[in-house]
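Q: Dropping a prediction and its sequence here:
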Amino acid sequence: MAITLLYGCCQIETTTPNLAETREFFINGLGAGPIEQVLAKQIDGIAPGTRYGCDHLGLGEAVFQINQPDPDMIFNGHKSIHQAYLDRVGPSVTNLNFFVDDFAHARGLLAGMGAETFIDGPSSAARALADYGPDNTRPGGDERPFLFLGSRHLIGLDLEIMEPNFLRFIDQTAQYPAYVQPRPRTGDDNLVVERLRIAVADIEQTYTHLLNLFTPGCRSKAYSYRAGPQGRAFHIWLGGIEIEYCQPTSARGALAATLDRDGPGVIAIDFGAADLDAVLAHCEDRVQIQDEPDWLGLEDNSMPRRMICSRAKTGFDTVVGAMGEHPFPTLAA
């Protein structure tokens, strides 16, 4: 039996060496705004006396959890996983966060496929995730952990999972997974997340892992297959968020260079912009802006998009185009 992801993607999680600088760019460059602040402040306070910091920002109808690890923090004899990624590849998207129906089954299935458990902590560590009031709190939260699982070699990113400690999702306001409505207004609401772009070494093997790991109810079939002289790609909906998986098929080009440098992982996040000129103007004096790379070598400039080279600030490069304009089909076949 595969894993069922519940309620949508709770957070797109990143790591940064400087939380203040990252927050400033998210807010003043991309137009993000604070969200889930009760939960964020509780997570931020989990490691008092350290340089660890955390914030939650709403951007594009998704929640971004920003982590600033402390280089001196040790967990089970090792640096924190966020610091390990920061040391190895720099600021980056580390994982997606989801609720699951059965954490023990999910951990067992992933462990059987070689996914290491990097963090195993009580799901009650943040009170906002443990106490939903007398009529909506599920008993036993102290016995249900949250898990950070090393699935990057399987699906291009790690997973943080936990079972919900509430009885009814609709009666909680601690979290606002991607696209869930109604949600608080955050920032200028100019952008909407369209998809994550992930580089992997073998898209066919990745797709097999996705089919084996996740139930059909929380993922689509692969669609929008494309191939060019430098790479090939497909799209899939996973836990309510779209992902484009890309595999280089040549040593030339931006896709091969990125995978060779950093290994599998998120290389960019695509956004639709209600006002494209506005977001570009906010960012042009902060970071480089260029045309989106021709990832697959298709030489199709019929719908050019711009890339804000924001990875050092946010953990990902930001690809933006006019809202509603898509360079390829977006509906599952």
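A: Sure thing, it's come through.
Q: As a check, name the ranges of all helices in the chain.
A: 19-24, 37-44, 81-89, 103-112, 152-155, 203-213, 254-262, 276-283, 311-314 (DSSP state H).
Q: Identify the residues contacting His105.
A: Residues in contact with His105 (C-beta atoms under 8 Å, 6 or more residues apart in numbering) are Met1, Ile3. For glycine as for every other residue, the C-beta is placed from the backbone atoms N, C-alpha and C.
Q: gap between it and Ala257?
A: His105 sits at a distance of 38 Å from Ala257 (criterion: C-beta to C-beta, to the nearest Å).
Q: isn't Gln247 right next to Arg197, touching?
A: No. If you go by C-beta atoms under 8 Å, Gln247 and Arg197 don't touch, sitting 11.8 Å apart.
Q: Okay, now the unreliable bits of the stretch 51-200 of the chain?
A: 75-76 (pLDDT under 70).
Q: how about 80 then?
A: Counting by pLDDT under 80, the stretch 51-200 of the chain has low-confidence residues at 73-78.
Q: all strands for it, in order.
A: 53-59, 62-68, 74-75, 78-79, 92-100, 116-122, 145-150, 158-162, 191-199 (DSSP state E, counting those that start in this stretch).
Q: Of all the helices of the chain, which one is nearest Pro182?
A: helix 37-44 (17.1 Å; C-beta to C-beta).
Q: Quick one: residues in contact with the closest one.
A: With C-beta under 8 Å, 6+ apart as the test, helix 37-44 has contacts from 34, 52-56, 65, 126-129, 174-175.
Q: Columns distance to Asp294 on top of the helices of the chain, output as TSV?
A: As requested, the helices of the chain are exported to TSV (distance: least, C-beta to C-beta, whole Å):
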stretch	distance to Asp294
helix 19-24	28
helix 37-44	38
helix 81-89	23
helix 103-112	34
helix 152-155	25
helix 203-213	18
helix 254-262	8
helix 276-283	20
helix 311-314	18
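Q: how about those helices, which one is nearest Gln230?
A: Proximity to Gln230, assessed across the helices of the chain by C-beta to C-beta, is greatest for helix 254-262 (6.3 Å).
Q: Pull out the buried residues from that closest one.
A: Ala254, Leu255, Ala256, Thr258, Leu259, Asp262 (16 or more other C-beta atoms under 10 Å).
Q: Extract the CA atoms of it and return them as CSV.
A: The C-alpha coordinates for helix 254-262 follow below in CSV (Å, rounded to 0.1, in the frame of the first residue of the first chain):
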residue,chain,number,x,y,z
ALA,A,254,21.7,24.8,-17.8
LEU,A,255,19.9,21.7,-16.8
ALA,A,256,23.0,19.4,-16.9
ALA,A,257,25.1,22.0,-15.3
THR,A,258,22.7,22.4,-12.4
LEU,A,259,22.3,18.7,-11.8
ASP,A,260,26.0,18.1,-12.0
ARG,A,261,26.7,20.9,-9.5
ASP,A,262,23.9,20.3,-6.9
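Q: residues in contact with it?
A: 89, 92, 199-201, 230-231, 246-248, 250, 267, 293-296.
Q: Out of these, which end up buried?
A: 89, 92, 199-200, 230-231, 246-248, 267, 293-296.
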